[in-house]
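Chemist: dropping the sequence and predicted coords here.
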Amino acid sequence: MRVATWNVNSIRARLPRLIAWLEAQEPDVVCLQETKCVDDEFPWDALSELGYEAVHHGQKTYNGVAILSKTPIEDVFRGFPDDAEDEQRRVIGGTIGGIQFLDLYVVNGEKVGSEKYERKLIWLERLVDFLASYYDLGTPLVVLGDFNITRDDRDVYDPERFRDKILCSGPEREFLEAILELGFVDLVREHYPQGGLYTWFDFRTRGFERGQGLRIDHVLATPPAARACVEVEVDLTERGQEKPSDHAPVIVTFDA
DNA sequence: ATGGTAGTTGTACTA
């Protein structure tokens, strides 16, 4: 089973690329972030024509997550189960082929010390509580998506430039570590311990053209899922296409 | 310390 995560930065703007990428890569499961649309604008038919069933938790203009799958998606839930408000749609979960998936678009946080940053930390605390209380972490579970956090300096092209800045600050990284301490394996790190493999490149600084990126998209797996992982790839070719997202897809392969 | 681009939107906001 080939499983991908990709922040598409608007599924409507990215639809031509998404279709070409699905045809080329033929992943079985795709977790998307930043769909930036409501259900009525979601490209159900185009995805169905490619053989994908989809579940979506979207909103106008911002956020939005979706799971695409060639086989049935079961036990779907949208948002944290205890979130009555759910104004920012950042979470969707489901089970495919006996593996549970949790697709996340973590709050960006704008700038360390800002109000959005404080909301990011509160959101992350809630995520850790949710993972610890909702799941049996001895079962196959993959938590993946745009975490908007670098794990450590190996994930930063210029660590000094980003020292204690947003996406790299200590408190953010501590929440990512807290998730890993629950027993998750960071699959990209496991396969590329040397670092220097990035998933996001800032449009503003022409980061991709300069090789200046960050690894902020992650695939975290519980031990039974991690043991089945045989291959990990960041699709930098996609990031170099015309009209790309600012994020590259991350693809992992699980042996059946 | 700041800005740069992109998407959606509507003449600002988020990333």
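Modeler: Arrived safely, thanks for sending.

Chemist: tally of neighbours for residue A:166?
Modeler: Neighbour count for residue A:166, taken as other Cβ atoms under 10 Å: 19. Backbone N, C-alpha and C define where each C-beta goes, glycine included.

Chemist: show me the contacts for it.
Modeler: Taking Cβ atoms under 8 Å, 6 or more residues apart in numbering, we find residue A:166 in contact with A:108, A:109, A:110, A:111, A:112, A:117, A:172.

Chemist: before we move on, what SS does the nearest residue in space to the second one that is not next to it in sequence have?
Modeler: Right, residue A:109. In this structure, residue A:109 finds its nearest non-sequential neighbour in residue A:120, 3.7 Å apart by Cβ to Cβ, 6 or more residues apart in numbering. Here residue A:120 is recorded as helix under DSSP: H, G, I helix; E, B strand; the rest coil.

Chemist: okay, residue A:120: pLDDT?
Modeler: As predicted, residue A:120 sits at a pLDDT of 97.

Chemist: ok, it - contacts?
Modeler: A:106, A:107, A:108, A:109, A:148, A:172.

Chemist: in whichever helix or strand residue A:179 is part of, what counts as buried?
Modeler: Per DSSP states H and E: residue A:179 is located in helix A:170-181. Buried positions in helix A:170-181, judged by neighbour count with 16 or more other Cβ atoms under 10 Å: A:172, A:173, A:175, A:176, A:178, A:179.

Chemist: in chain A, what residue comes closest to DNA strand B?
Modeler: Among the residues of chain A, residue A:10 lies closest to DNA strand B, at 3.1 Å counting by Cβ to the nearest atom of the strand.

Chemist: tell me the spacing between the residue nearest to residue A:109 and residue A:152.
Modeler: Distance, residue A:120 to residue A:152, using Cβ to Cβ, to the nearest Å: 18 Å.

Chemist: helix or strand: which one has the residue sitting furthest away from the middle of chain A?
Modeler: Distance from the C-alpha centroid of chain A, by Cα atoms, centre = their mean, peaks at residue A:160 (25.3 Å). Using DSSP H and E, residue A:160 sits in helix A:159-162.

Chemist: can that helix be said to contact DNA strand B?
Modeler: No: judged by Cβ under 7 Å from any atom of the strand, helix A:159-162 makes no contact with DNA strand B; its nearest approach is 8.2 Å.

Chemist: what of stretch A:96-112?
Modeler: Yes: Stretch A:96-112 lies within reach of DNA strand B by Cβ under 7 Å from any atom of the strand, at A:107, A:108, A:109, A:110.

Chemist: flag the shaky bits of chain A, pLDDT-wise.
Modeler: Residues of chain A meeting the criterion pLDDT under 70: none.

Chemist: which parts of chain A are helices?
Modeler: Along chain A, counting by DSSP state H, helices occupy A:15-25, A:44-49, A:115-134, A:159-162, A:170-181, A:187-191, A:207-210, A:223-227, A:236-239.

Chemist: and these as CSV, adding distance to residue A:4?
Modeler: As requested, these are exported to CSV (distance: least, Cβ to Cβ, whole Å):
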stretch, distance to residue A:4
helix A:15-25, 7
helix A:44-49, 14
helix A:115-134, 21
helix A:159-162, 26
helix A:170-181, 20
helix A:187-191, 12
helix A:207-210, 19
helix A:223-227, 15
helix A:236-239, 10
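
Chemist: what does chain A have sitting close to DNA strand B?
Modeler: So far as Cβ under 7 Å from any atom of the strand goes, chain A lies against DNA strand B at A:9-10, A:12-14, A:36, A:60-62, A:107-110, A:116, A:148, A:202-206, A:243.
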